[in-house]
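Asks: sharing a sequence plus its predicted fold:
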Amino acid sequence: MSFELPSALKSPNVACFVIGESLSFFGSWMTQIALVWLVYQLTNSAILVGIAGFTNQAMGLVITPLVGVLLDRWNLRYVLLTTQLTSIVLSSTLTFLTLSDRITVTWIIIIGTLQGTVKAFDLPARQVIIPRLVEKKADIYSAMASHSFLINTAKFVSPMIGGLLIASSGAASCFLVDSISYLPFLSAILTIQVKPVLRNSSQKANIWQNLKEGFVFAYEFLPIKSVLALQIVICFMAMTHVNLMPIFAKEILNGDAKTMGFLMTASALGSIVSGIYLVSRKQAIGLEDIVARSAAILGLSLIVFSRIENLEICLVFMFIIGMNTSLTLASISNFLQLIIVDENKRGRVTSIFTTGFLGVLPFGNLFFGGLADRIGVTNALLFGGACCIVGAYFFSRKLGTIKRIVHPIYVDMGIVT
């Protein structure tokens with residue numbers, strides 16, 4: 001096999017941005033793992049773990065759709081500069097509170113709520129700006145695939161290092177690394193060149209009217225509506241397994257922070273493999289099929305994983321779970337950025353997609369935290385896997401119609417003839 005550098009990464013503009021943001025995600029993933037472990041260590045409560053996960057992202061459901069309207073109006077460079085500086089302040093505060101033994105669940109919830117508010121602006125802004133960094137429309141898929149690959153690379157490294165740091169130095173070391181990890185991305189944001197976008201006069205209208213236009217567009221365009229519906233199922237039913245891993249590691253595998261770190265590392269390794277696969281494809285055709293297959297495999301893997309009590313076998317299935325979770329969501333994200341033909345609606349549609357992470361995920365964390373407390377962590381994982389399979393089935397029934405609709409868009413972009 002030979003590996004060729006993705007076409008988008010041959011542009012210093014794109015390479016500078018995606019490498020910088022991958023380093024910032026390295027610290028973010030580490031902080032997420034450290035916070036979950038810290039809450040469980042302080043309280044020994046599955047419900048409070050779910051509540052902490054909920055507050056960290058609950059603001060996303062409230063403000064992320066509105067953020068999309070604002071991103072279609074605002075300067076994205078200034079938005080990203082503001083979110084990175086704010087994130088540094090919040091992570092530094094966590095570091096200080098933990099080192100001084102003043103950290104409590106109340107502080108974690110307060111700072112988590114503020115972090116969720118920042119993410120509501122930060123994550124969609126990162127995705128919206130990428131198509132405006134490439135020189136040719138045909139390179140959008142390559143840029144988005146590279147974006148997913150480098151983020152998943154950070155996701156692979158951070159759980160392994162995070163688990164070791166928590167075990168040896170405590171959660172504060174993870175928060176400190178997070179504070180530092182935003183600096184390279186700040187430098188990238190200051191140096192990249194962003195293509196200007198001509199604004200429609202309608203964008204000066206009432207902000208609520210613009211918000212309604214975004215939702216109507218996403219609902220009436222079948223390919224977008226279908227992938228967003230499946231994304232909501234995956235985020236609510238499958239991605240919440242991350243918050244259940246401390247409980248699974250301790251109660252089912254009789255492990256500690258290192259055990260959780262191994263599980264999360266296996267999941268992240270699967271994510272990086274999925275990223276390599278998407279980058280190596282070099283084309284957008286067939287993303288819909290990948291979404292359907294990976295969602296079904298993800299559901300089946302969660303069901304099998306929930307029945308296993310052997311660490312080595314659990315690691316294998318965590319690899320499969322991580323691979324198919326990332327494959328499903330990254331393919332949906334790449335697919336969306338490709339088929340949005342109206343640049344003035346990109347921010348709004350992307351923010352609806354991001355709401356699946358920042359809005360739906362916290363309710364999933366809250367729901368599965370309570371469910372695990374009631375019926376056990378293994379049965380909660382089994383239930384989530386079964387729902388993923390149902391969602392994949394209904395999505396697969398629409399594949400033929402989706403392909404007919406998006407084919408003319410690919411022709412116009414020069415991806416197919």
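Replies: Looks like it arrived, so ask away.

Asks: where's residue 293, which helix or strand?
Replies: Residue 293 belongs to helix 287-305 when assigned by DSSP states H and E.

Asks: do the same with residue 22
Replies: With DSSP H and E as the criterion, the answer for residue 22 is helix 12-43.

Asks: my read: residue 148 touches residue 277, true?
Replies: No: using CB atoms under 8 Å, residue 148 is not in contact with residue 277; the gap is 10.3 Å. C-betas here are computed from N, CA, C, even on glycine.

Asks: when these two are compared, which one has more neighbours?
Replies: Taking other CB atoms under 10 Å, residue 148 and residue 277 do not tie; residue 148 has more neighbours (24 against 17).

Asks: which parts of the helix or strand encompassing residue 272 are buried?
Replies: Per DSSP H and E: residue 272 is located in helix 257-281. Using 16 or more other CB atoms under 10 Å as the test for burial, helix 257-281 gives 257, 259-275, 277-279, 281.

Asks: same question, stretch 207-220
Replies: 210-211, 213-214, 217-218.

Asks: can you check stretch 220-230 too?
Replies: For stretch 220-230, a neighbour-count test (16+ other CB under 10 Å) marks 221, 223-224, 226-228, 230 as buried.

Asks: next one: stretch 279-294 to chain centre, how far?
Replies: Its chain's C-alpha centre and that of stretch 279-294 lie 18 Å apart, by CA atoms, centre = their mean, to the nearest Å.

Asks: one more: stretch 225-238?
Replies: For stretch 225-238, the distance to the chain centre is 12 Å (CA atoms, centre = their mean).

Asks: mean confidence score for that stretch?
Replies: Mean pLDDT, stretch 225-238: 89.

Asks: pretty sure residue 195 is touching residue 136, no?
Replies: No: using CB under 8 Å, residue 195 is not in contact with residue 136; the gap is 11.4 Å.

Asks: lowest-confidence helix or strand of the protein?
Replies: The weakest-scoring helix or strand in the chain, judged by mean pLDDT, DSSP states H and E, is helix 46-57 (a mean of 70).

Asks: ok, back up a step: average pLDDT for the helix holding residue 293?
Replies: 91.

Asks: quick check: buried residues in it?
Replies: Residues 287-288, 290-305 are the ones in helix 287-305 that count as buried (16+ other CB under 10 Å).

Asks: ok, now stretch 335-347?
Replies: Buried positions in stretch 335-347, judged by neighbour count with 16+ other CB under 10 Å: 335-340, 343-347.

Asks: returning to what we had before: what is the orientation angle of the helix holding residue 272 with helix 12-43?
Replies: For helix 257-281 against helix 12-43, the angle by axes from the mean of the first three to the mean of the last three CA atoms, to 10 degrees is 160 degrees.

Asks: helices or strands up against helix 257-281?
Replies: For helix 257-281, the elements it packs on are helix 12-43, helix 140-169, helix 241-247, helix 311-339, judged by 3 or more CB pairs under 8 Å, 6 or more residues apart in numbering; DSSP states H and E.

Asks: between the ones you listed, which gets nearest to residue 94?
Replies: The minimum distance between residue 94 and these falls on helix 12-43, with 7.2 Å, by CB to CB.

Asks: now that closest one: mean pLDDT?
Replies: What helix 12-43 shows for mean pLDDT is 81.

Asks: now do it: distance to the chain's middle.
Replies: Helix 12-43 sits 11 Å away from the centroid of its parent chain (CA atoms, centre = their mean).

Asks: what about residue 73, how many residues nearby?
Replies: When neighbours are counted by other CB under 10 Å, residue 73 registers 13.

Asks: could I get the pLDDT score of it?
Replies: On pLDDT, residue 73 comes in at 78.

Asks: mind checking the SS state of it?
Replies: coil (DSSP: H, G, I helix; E, B strand; the rest coil).

Asks: how close does residue 224 sit to residue 321?
Replies: Residue 224 sits 26 Å away from residue 321, taking CB to CB, to the nearest Å as the criterion.

Asks: no wait, residue 290
Replies: Distance check for residue 290 against residue 321: by CB to CB, it reads 16 Å.

Asks: same check, this time on residue 352
Replies: Using CB to CB, residue 352 is found at 25 Å from residue 321.

Asks: of those two, which one has the most company?
Replies: Neighbours per residue (other CB under 10 Å) separate residue 352 from residue 321, with residue 321 holding more: 29 against 23.

Asks: I'd guessed the more buried one sits against residue 239; true?
Replies: No: with contacts counted by CB under 8 Å, residue 321 stays clear of residue 239, the gap being 10.1 Å.

Asks: need the overlap of contacts for the two.
Replies: When CB atoms under 8 Å, 6 or more residues apart in numbering defines a contact, no residue borders residue 321 and residue 239 alike.

Asks: quick one, what contacts the residue lying closest to residue 24 once chain neighbours are set aside?
Replies: Computed as CB to CB, 6 or more residues apart in numbering, the closest residue to residue 24 that is not its neighbour in sequence is residue 185, at 4.2 Å. Listed by CB under 8 Å, 6+ apart, the contact set of residue 185 reads 20-21, 23-24, 80, 84.

Asks: redo those as JSON lines? Include distance to residue 32.
Replies: Listed next are these as JSON lines, based on distance: CB to CB, whole Å:
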{"residue": "20", "distance to residue 32": "19"}
{"residue": "21", "distance to residue 32": "16"}
{"residue": "23", "distance to residue 32": "16"}
{"residue": "24", "distance to residue 32": "13"}
{"residue": "80", "distance to residue 32": "20"}
{"residue": "84", "distance to residue 32": "17"}
